[in-house]
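Asks: Sequence plus the predicted model coming up.
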Amino acid sequence: MKNNIPFCGDSAASKRFSLSRIYSAHKKTLVFKGFFTRGDWIRTSGLLLPKQARYQAALRPVRTTYRPDGRAGVMDSCMLPPPRQGPGRGVSPLPAPLRTLCALPILPIAPKEVRAHTDVDLTLSGVISMERELWKIISQEITKLDRKFPKGEYEHSVGRIVRVYLWAALHDRPVYWACHRRNWPGVRPPVKLPDQSTMSRRLYRPDAQQMLAELAERLDDAVGPTLLRCVDGKPLPVSKHSVDAQATFGRGAGGKDRGYKLHAIYGPSNRPLAWSVTPLNRNEPREATGLIDDRIEPGYLLGDANYDANHLHEHAGQRQVCLLTPRRYAKAKGMGHHRHSTYRRDAIERLLGPSEFVRSMLSLRRRVETRFAHLTNFGGGLTCLPPWVRGLRRTTLWVHAKIIIRLARDAHLKRGVA
């Protein structure tokens, strides 16, 4: 039976174009595997939608109808039949499709119940946005911490300032982007959003920094202290022609580079026990001396050959921290004629001794590489410094936000396993 279905135009060419577009999208949908990368999404009317039309078509079930020639086909958004009108029920119109290039109508899905600053979650055919899940965890902890920090004479509380910044960092956007209400789709934004100048003044004050530190501590799932820790540095390069005066040249990944470096001491979790951000030319052993002083308890500290320095061994040994590293010059026959720290001599004797204890422990040093990989290899992680993050203060604040987002992801994955 043939149905008289209206097409997107009156001419025969328009009909042929509409049908060819529908069949092409449907054919490509059949080989679609359901995986989207971070850059493949766009926002349309408060929903996250894939950019390409064939992927949008995959999110809706195929609706079978009949072409004018009698063969089965799929229905286009411009080919929907008129709404049915039942007796005594009035007109029950179909939801208006979104304005996209989709061959099938993509209809908005009703969001879940929104609770104060915590809920989220716009769902597309059962696919939940990971950013919304992470934001739910972060926002709940900010709400609890905000009660401890007095508002004082300020118009905006400390929790509101931190909330706006973390929303921007979670979506890899500059701060001014989060200061507009239209950029908070799917969640309830604060009652009144601060402007860009207020954020610039308040973010670097001690109360905001203290809230960020306490937020990371609350999200950490580590249980008790640990005797085994690892130290290393991660370069954060910027463009070599950047006008950032604080970004210096130094040793990066695989050669000379320009930018900053994250120095961190990690324990059993993805929260660094001590960390700092410095220009790239800062010496790693010199920076590690300050990290050891920052709440590092007695135990073992593993590092690579760059940390095999007399002053670092001496500094760590005086604080009951046993520094274990490979020898800087592995092929050296002796110790030379210079004076060496007794703690370094003891570490080398253990490394070359008959016991396998130290050598087996050094094989665990690559755990710090895993920690850096966890910090970067996920959507919203510390992949690279965006163009609006320049200067030492902004870079340090950006790294702090990414550490918090990583810990929120750990909490989300832990809840999923439980």
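Replies: Arrived safely, thanks for sending.
Asks: quick one: terminal-to-terminal distance for stretch 250-258?
Replies: Start-to-end span of stretch 250-258 (C-alpha to C-alpha, to the nearest Å) is 6 Å.
Asks: buried stuff in that stretch?
Replies: Buried residues in stretch 250-258, counted by 16 or more other C-beta atoms under 10 Å: G250, G252, D257, R258. Where you see a C-beta, it was placed from the backbone N, CA and C, and this is true even at glycine.
Asks: and whatever helix or strand the last one lives in, which strands flank it?
Replies: Read that as R258. In the assignment (DSSP states H and E), R258 maps to strand 255-266. For strand 255-266, the paired strands and their directions (DSSP bridges) read strand 228-237 (antiparallel), strand 248-252 (antiparallel), strand 272-279 (antiparallel).
Asks: relative to strand 228-237, how tilted is the longest helix seen in the chain?
Replies: Longest helix in the chain, counting residues (DSSP state H): helix 392-417. Note on geometry: by axes from the mean of the first three to the mean of the last three C-alpha atoms, to 10 degrees, helix 392-417 and strand 228-237 are set 130 degrees apart in direction.
Asks: which parts of helix 392-417 are buried?
Replies: Here helix 392-417 shows 394-411 as buried, counting by 16+ other C-beta under 10 Å.
Asks: Go through the strands paired with strand 255-266 and name the closest to A264.
Replies: A264 lies closest to strand 272-279 among those, at 4.0 Å (C-beta to C-beta).
Asks: which other residues reach that closest one?
Replies: Contacting residues not belonging to strand 272-279 are listed as 229, 236, 246-248, 250, 260-267, 287, 290-292, 294-296, 371, 392, 395-396, 399, 403 [C-beta atoms under 8 Å, 6 or more residues apart in numbering].
Asks: same thing with stretch 284-303?
Replies: Contacts of stretch 284-303 (C-beta under 8 Å, 6+ apart): 225-233, 261, 263-265, 273-276, 278, 306-307, 309, 311-312, 315-316, 319-325, 361-362, 364-365, 368.
Asks: Out of those residues, which end up buried?
Replies: Buried among those by 16+ other C-beta under 10 Å: 229-233, 261, 263-265, 273-276, 278, 306-307, 309, 312, 315-316, 321-325, 361-362, 365, 368.
Asks: how many neighbours does S360 have?
Replies: Residues lying near S360 (other C-beta atoms under 10 Å) number 9.
Asks: ok, now I296?
Replies: Here the count is done by other C-beta under 10 Å, and I296 has 20 residues near it.
Asks: Please apply the same query to the one 5 residues further on.
Replies: Other residues lying near L301 total 25 when counted by other C-beta under 10 Å.
Asks: Does V187 touch W135 like I think?
Replies: Yes - at 6.5 Å, V187 counts as touching W135 under the criterion of C-beta atoms under 8 Å.
Asks: Between those two, which has more neighbouring residues?
Replies: W135 (27 against 20).
Asks: show me the contacts for K234.
Replies: With contact taken as C-beta under 8 Å, 6+ apart, K234 is in contact with K261, L262, A264, F372, L375.
Asks: thinking again about what came up before, looking at the strands paired with strand 255-266, which has the lowest confidence?
Replies: The minimum mean pLDDT among the strands paired with strand 255-266 belongs to strand 248-252 (a mean of 90).
Asks: quick one: contacts of that one?
Replies: Contacts of strand 248-252 (C-beta under 8 Å, 6+ apart): P235, P237, K256, D257, R258, G259, K261, P279, L280, N281, R282.
Asks: hmm, 7 Å instead?
Replies: Applying C-beta atoms under 7 Å, 6 or more residues apart in numbering, the contact partners of strand 248-252 are P235, P237, K256, D257, R258, P279, L280, N281.
Asks: quick one: contacts for the second one?
Replies: Applying C-beta under 7 Å, 6+ apart to P237 gives the contacts G252, D257, R258, G259.
Asks: can you list the residues you listed in CSV and add distance to R163?
Replies: Output for these, formatted as CSV (distance: C-beta to C-beta, whole Å):
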residue, distance to R163
G252, 34
D257, 34
R258, 33
G259, 29
